[in-house]
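Visitor: From the sequence below, what's the structure:
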Amino acid sequence: MKEREKKRQELHDKIIALVRAYADEYHRPAPWQRGGRIPYAGRVYDHEEIEALTDSALEFWLTAGRYAAAFEKELASFLGTRHALAVNSGSAANLLAFMALTSPLLGDRAVRPGDEIITVAAGFPTTVAPILQYGAVPVFVDVTIPQYNIDVTRLEEALSPKTRAVMLAHTLGNPFDLRTVKDFCERHGLWLIEDNCDALGSRYALDGEQRCTGTIGDIGTSSFYPPHHMTMGEGGAVYTRDPLLFRILRSLRDWGRDCVCPPGEDGFCGHRFDGQYGELPKGYDHKYVYSHFGYNLKVTDMQAAVGCAQLKKLPSFIEKRRRNFAHLKAALCSVADKLILPEPCPHSEPSWFGFLLTCREGVEREPIVRALEAHGIQTRMLFAGNLVKHPCFDSLREARSGYRIVGELTETDRIMNDTFWLGVYPGMTDAQLDYMAEVLQEAVKM
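Guide: Residues are numbered from 1 along each chain as shown. Alright, predicted model coming up:
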């Protein structure tokens, strides 16, 4: 057996060496030429990710295994939180985060159908979708420009006896006013979910301590889709400091089961056949006891292998995003009379996902965006703009039920009509940033 293992290791190492050589030769990004396409985001990787992926493939465990366990531990350490769970997408992370608040294990604090959740309409739909899909009621509050996050002066107006939680995203890496929102939630006994999918690595100063966004509320979420701060292809994570919430999240992710056995293990707790659960016969196999109506939202170990390699690069990715943002902002000061430039939230150090721009009065967005795209520069809207104006809300608008709007969504509508953004991802060079600024400067003169 020793000789067989020796040969296996030698062949393994030979394969990895060949993969490294292949990656170094054929996965190197091509040099950018002036006028070439500039995507708003993209994967930044090298042979390390491909070697890790190959190592996992050779092991052929496939489902969540040792790489997934390592990734969860390393992500929690990076964030400075107690628990992290890898899931198959950022949308799944948001689903789990919200569904955790509906668990009967939370007693009187559990969210129930008809309860209200404060959020915003200027964002990505999967921050809101779990609320509606469960039967709770999203309560939409307007946002502010140039920070593009919730207008915290409207929080008390949004409150009702049915309010149970606040669920908000940190817009394109810019933290929302966590001091005010967290204080509001604590005073009124509300849950706080931080959708951190566009803000991994952003930091916020609270009580004299710099903390990662996503770890200040009750639950935080991340996405590892290719445009995000790091990637594993498809993938996401949900994290918390609360051991009960972690227990609920893990159960919901793993089919709703009560068992905590890692994949491939039996009898982890030592009480597999001696418990009493619900109305099941005493001693029913604990591996098939279900405490929630859950899902299977785990990652594969191959995804997690890529994630482990990406985590090592994440600090440098974050620093490059901040540098690119600062470079672009300095280059665009000359058009500040035409376009509103983004501003970070006070007390924060954003890990920017993009560079938001809003047209001032008398400036039209469409010709600017068309000019940028014609020069190969990708642009994006601030996702839904105003989510309640989309076809998915048609039946709700017609019925005038299922959601509530606080006051007017004036700035939300302005974002829908006048806002767009450019990328600052770490694969961008100074030459690309300068070219983007040059084209934009010319476009606003048109």
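
Visitor: Please make it C-alpha for all contacts and neighbour counts, starting now.
Guide: Fine.

Visitor: Wasn't residue 355 part of a strand?
Guide: Yes. Assigned with DSSP: H, G, I helix; E, B strand; the rest coil, residue 355 falls within a strand.

Visitor: Look up how far residue 32 lies from it.
Guide: Applying Cα to Cα, to the nearest Å, the value for residue 355 to residue 32 is 21 Å.

Visitor: Wasn't residue 276 part of a helix?
Guide: No. Counting by three-state DSSP, residue 276 is not found in a helix; it is coil.

Visitor: list the contacts for it?
Guide: 282-284 (Cα atoms under 8 Å, 6 or more residues apart in numbering).

Visitor: Can you read off the pLDDT for it?
Guide: We have a pLDDT of 94 for residue 276.

Visitor: And for residue 333?
Guide: For residue 333, the predicted pLDDT is 97.

Visitor: hmm, back to that, residue 355 and residue 32 - which one has more neighbours?
Guide: Remark: of residue 355 and residue 32, residue 355 carries more neighbours, 23 against 13, as counted by other Cα atoms under 10 Å.

Visitor: What's opposite that one in the beta bridge?
Guide: residue 422 (DSSP bridges).

Visitor: thinking it is in contact with residue 325, fair?
Guide: Yes. Judged on Cα atoms under 8 Å, residue 355 makes contact with residue 325 at a distance of 6.7 Å.

Visitor: intersection of neighbour lists for these two?
Guide: Contacts common to residue 355 and residue 325, judged by Cα under 8 Å, 6+ apart, are residue 424.

Visitor: Next, count neighbours for residue 323.
Guide: 18.

Visitor: what packs against the host helix or strand of it?
Guide: Secondary structure assignment for residue 323, by DSSP states H and E: helix 301-331. With contacts taken as 3 or more Cα pairs under 8 Å, 6 or more residues apart in numbering; DSSP states H and E, helix 301-331 sits against helix 47-59, helix 66-79, helix 430-443.

Visitor: ok, the contacts of residue 276 vs residue 62, which is closest?
Guide: For the contacts of residue 276, the minimum distance to residue 62 (Cα to Cα) is 28.8 Å, reached by residue 284.

Visitor: need the contact list for the spatially closest residue to that closest one that is not a sequence neighbour.
Guide: Of all residues not flanking residue 284 in the chain, residue 273 sits nearest, at 5.8 Å (Cα to Cα, 6 or more residues apart in numbering). By Cα under 8 Å, 6+ apart, the contact list for residue 273 reads 282-286.

Visitor: hang on, residue 273 in a strand?
Guide: No. Assessed with three-state DSSP, residue 273 is coil; it does not lie in a strand.

Visitor: Return the distance of it relative to residue 168.
Guide: Counting by Cα to Cα, the gap from residue 273 to residue 168 is 42 Å.

Visitor: From residue 227, how far out is the nearest residue in space to residue 146 that is not next to it in sequence?
Guide: Nearest residue to residue 146, sequence neighbours excluded (Cα to Cα, 6+ apart): residue 342, at 5.0 Å. Shown here: residue 342 relative to residue 227, a distance of 20 Å by Cα to Cα.

Visitor: Would you list the phi and psi of residue 192?
Guide: When read as degrees, to the nearest 10, the backbone of residue 192 gives phi -130, psi 120.

Visitor: my read: it touches residue 169, true?
Guide: No. The pair residue 192 and residue 169 does not pass the contact test of Cα under 8 Å, sitting 10.8 Å apart.

Visitor: ok so, going back, what angle separates the helix holding residue 323 from helix 430-443?
Guide: Angle, helix 301-331 to helix 430-443, by axes from the mean of the first three to the mean of the last three Cα atoms, to 10 degrees: 50 degrees.

Visitor: Off-centre distance for helix 301-331?
Guide: 14 Å (Cα atoms, centre = their mean, to the nearest Å).

Visitor: Mind checking what helix or strand follows that helix in sequence?
Guide: With DSSP H and E, the next secondary element past helix 301-331 is strand 339-340.

Visitor: quick one: strands adjacent to the helix or strand that that next one is followed by?
Guide: Note on strand 339-340: by DSSP H and E, the next helix or strand toward the C-terminus is strand 348-349. Applying DSSP bridges to the sheet, strand 348-349 is found paired with strand 203-206 (antiparallel).

Visitor: could you show me where the strands are in the stretch 51-200 of the chain, in order?
Guide: 83-87, 116-119, 137-140, 163-169, 191-195 (DSSP state E, counting those that start in this stretch).

Visitor: helices or strands up against the last one?
Guide: Right, strand 191-195. On a contact count with 3+ Cα pairs under 8 Å, 6+ apart, strand 191-195 meets helix 90-100, strand 163-169, helix 178-188, strand 219-223.

Visitor: Try it again at 10 Å.
Guide: helix 90-100, strand 116-119, strand 163-169, helix 178-188, strand 219-223, strand 236-240 (3 or more Cα pairs under 10 Å, 6 or more residues apart in numbering; DSSP states H and E).

Visitor: most neighbours per residue, which of the ones you listed?
Guide: Neighbour counts (mean count of other Cα atoms under 10 Å) averaged over each of the helices and strands packed on strand 191-195 peak at strand 219-223, with a mean of 31.

Visitor: what is the rounded mean pLDDT of it?
Guide: 98.

Visitor: Just the C-alphas of that strand, formatted as PDB.
Guide: Extracted in PDB, the C-alpha atoms of strand 219-223 (Å, rounded to 0.1, in the frame of the first residue of the first chain):
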ATOM      1  CA  ILE A 219     -26.700  37.800   9.700                       C
ATOM      2  CA  GLY A 220     -24.500  38.700   6.700                       C
ATOM      3  CA  THR A 221     -24.400  37.300   3.100                       C
ATOM      4  CA  SER A 222     -21.800  37.200   0.300                       C
ATOM      5  CA  SER A 223     -21.800  36.300  -3.400                       C
END
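
Visitor: ok, that strand: who's next to it in the sheet?
Guide: When DSSP bridges is applied, strand 219-223 pairs with strand 191-195 (parallel), strand 236-240 (antiparallel).

Visitor: Tell me which residues touch the spatially most central residue of the chain, please.
Guide: The centroid of the chain falls nearest to residue 197 when counting by Cα atoms, centre = their mean (1.3 Å). Residues in contact with residue 197 (Cα atoms under 10 Å, 6 or more residues apart in numbering) are 89-91, 93-94, 127, 169-173, 214, 220-225, 228-229, 236-238, 353.
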